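Trainee: Dropping a prediction and its sequence here:
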Amino acid sequence: MNTISAYVFRQALGPLLAILGALAAIAILTQGLNQLDIIVTNRRAGFAFAWVTVLALPQLVSLILPMAVFIAVIYAFNRMHSESEIAVLYGAGVSRQRLARPIVQLAVIAAVVHLIINVVVQPWALEERRKVFYDLRTDIASSLIEEGSFTYPADGLTLYARSRGGGGELRDLLINDGRTEPGITYTARAGAIVTVDGAPAIVMRDGQVQRQTAEGSVDVLDFDRYVLKFDGVFEEPDLFFLKASDRTLFDLVFPDMTSHYDQRNVDNFIAEANGRLAAPLLNIALALVALTGVLVGEFSRRGYGRRIMWAAIAALVIRLAALTIQAAATEKPQLNALQYALPILVIVVASMMLGGKSARKKRRELGPSVLARATA
């Protein structure tokens, strides 16, 4: 890469990284708002917030990277136009194709990064993110008992703990189980929530069991250790299924046909797999659309606002069309071929427009030929 190409490459790379960084910051805010209920109610709120935000970034980058490349190229070349750098380069004999070459190289790099994110990083991140949410929603210790407050997880069942110590220890417990007659009251100095045979339970230490007898008296039993199970008390969490976006490319192409969930979503998996492989081509396609918008046509000292507007509209339509085709392919698998055809067609058309002769070059070549015919 020579000096001019390196300069043009850097002019587009800087805005691209800035755009991705700004969108990452927006993602941090939106993820915090979307998951506010889980973050507020869970004792691991700080870690959960940071981790799920990081895990959401690969999907966001995959979604906006093609448009970020387009915006970066438009910004870089419009600035170079406004500062007459493009005019100077044209005057020095630099061709339009030579200016486009470093941008195409940047777009190819973005496409490779996009492909790695789609095939490797995003499936792992989204699978891990769903596991984190699943663990948070099924964290009995965080939702079952609120320290210093009475909670009622089921009809006739009342729980209270004065405070919560390290390691999930509960102090000064009071449990009133009125689901059966007569009711039973448990008090304990300390306890902890555990899972016994797949069901939540509380292990209490140094406490009493109080049960009212038929005669109206109260039986009191002291214990050193007592396990109280909650079979059937809490609603079981939904079964953990990996969605199409959470799966690896191999799992999408070769789903588990013994699973009813996979059998019902085969078309969705195939559309997702093709979308991941085709989406990186949009980086090259939209980069060429941006180049076409700022380089093809007559040179103007007034700027290229109108051409940039039309290029932006075209880029937005192409990006939305790609998303629409992928969504439609989940219902009609024969549309999967269009996921590749769309960016390839855009690349071919834009390349032909960039490869054509500039208006200035046409006039330079046309002038001598007209003179030669006139003097013949």
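Mentor: Everything's here; your move. None of these values were measured; they are calculated from a predicted model.

Trainee: CA only for contacts and neighbour counts going forward, please
Mentor: OK.

Trainee: immediately after the host helix or strand of residue 192, which helix or strand?
Mentor: Assigned by DSSP states H and E, residue 192 falls within strand 184-196. Remark: after strand 184-196, the chain's next helix or strand is strand 199-212, criterion DSSP H and E.

Trainee: Other residues contacting that next one?
Mentor: Contacting residues not belonging to strand 199-212 are listed as 140, 182-195, 218-231 [CA atoms under 8 Å, 6 or more residues apart in numbering].

Trainee: Do you know the pLDDT at the closest residue to residue 331 other than its chain neighbours?
Mentor: Nearest residue to residue 331, sequence neighbours excluded (CA to CA, 6 or more residues apart in numbering): residue 267, at 6.9 Å. With respect to pLDDT, residue 267 scores 90.

Trainee: element containing residue 267, please.
Mentor: helix 266-278.

Trainee: Just the C-alpha atoms of that helix, please, in CSV.
Mentor: What follows is helix 266-278, C-alpha atoms only, in CSV (Å, rounded to 0.1, in the frame of the first residue of the first chain):
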residue,chain,number,x,y,z
VAL,A,266,-35.4,-26.1,10.3
ASP,A,267,-36.2,-23.4,7.8
ASN,A,268,-35.4,-20.7,10.3
PHE,A,269,-32.0,-22.3,11.0
ILE,A,270,-31.2,-22.5,7.3
ALA,A,271,-32.2,-18.9,6.7
GLU,A,272,-30.0,-17.8,9.7
ALA,A,273,-27.0,-19.8,8.4
ASN,A,274,-27.3,-18.3,4.9
GLY,A,275,-27.7,-14.8,6.4
ARG,A,276,-24.5,-15.1,8.4
LEU,A,277,-22.6,-16.1,5.3
ALA,A,278,-24.1,-13.5,3.0
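
Trainee: other SSEs contacting it?
Mentor: With contacts taken as 3 or more CA pairs under 8 Å, 6 or more residues apart in numbering; DSSP states H and E, helix 266-278 sits against helix 249-253, helix 305-329, helix 336-355.

Trainee: Switch those helices over to TSV; also include distance to residue 128 and mean pLDDT.
Mentor: Output for the helices and strands packed on helix 266-278, formatted as TSV (distance: least, CA to CA, whole Å; pLDDT from 0 to 100):
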stretch	distance to residue 128	mean pLDDT
helix 249-253	16	86
helix 305-329	24	91
helix 336-355	28	92
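
Trainee: between the ones you listed, which one is nearest to residue 88?
Mentor: helix 336-355 (19.2 Å; CA to CA).

Trainee: now the angle between helix 266-278 and the closest one, please.
Mentor: Using axes from the mean of the first three to the mean of the last three CA atoms, to 10 degrees, the direction of helix 336-355 lies 20 degrees away from that of helix 266-278.

Trainee: that older thread, and for the strand holding residue 192, what's in contact with it?
Mentor: Outside strand 184-196, the residues that reach it (CA under 8 Å, 6+ apart) are 140-141, 168-178, 200-212, 229.

Trainee: Just confirm the residue nearest to residue 331 contacts residue 333, I think it does.
Mentor: Yes: with contact defined as CA atoms under 8 Å, residue 267 reaches residue 333; the gap is 6.2 Å.

Trainee: for the chain, what spans make up the strands?
Mentor: 151-154, 157-164, 170-177, 184-196, 199-212, 218-229 (DSSP state E).

Trainee: list the contacts for the residue nearest to residue 331?
Mentor: 329, 330, 331, 332, 333.

Trainee: Just the buried ones from those residues?
Mentor: 329, 330 (16 or more other CA atoms under 10 Å).

Trainee: can I get the contacts of residue 267 in CSV with distance to residue 113?
Mentor: Shown next, in CSV, are the contacts of residue 267 (distance: CA to CA, whole Å):
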residue, distance to residue 113
329, 25
330, 25
331, 29
332, 29
333, 27
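
Trainee: So which of the contacts of residue 267 is the closest to residue 287?
Mentor: residue 329 (25.4 Å).

Trainee: Show me the domain layout of the protein.
Mentor: Domain assignment for the chain by automatic domain parsing gives 3-138+241-368, 143-229.

Trainee: Highest mean neighbour count out of those?
Mentor: domain 3-138+241-368 (a mean of 18; mean count of other CA atoms under 10 Å).
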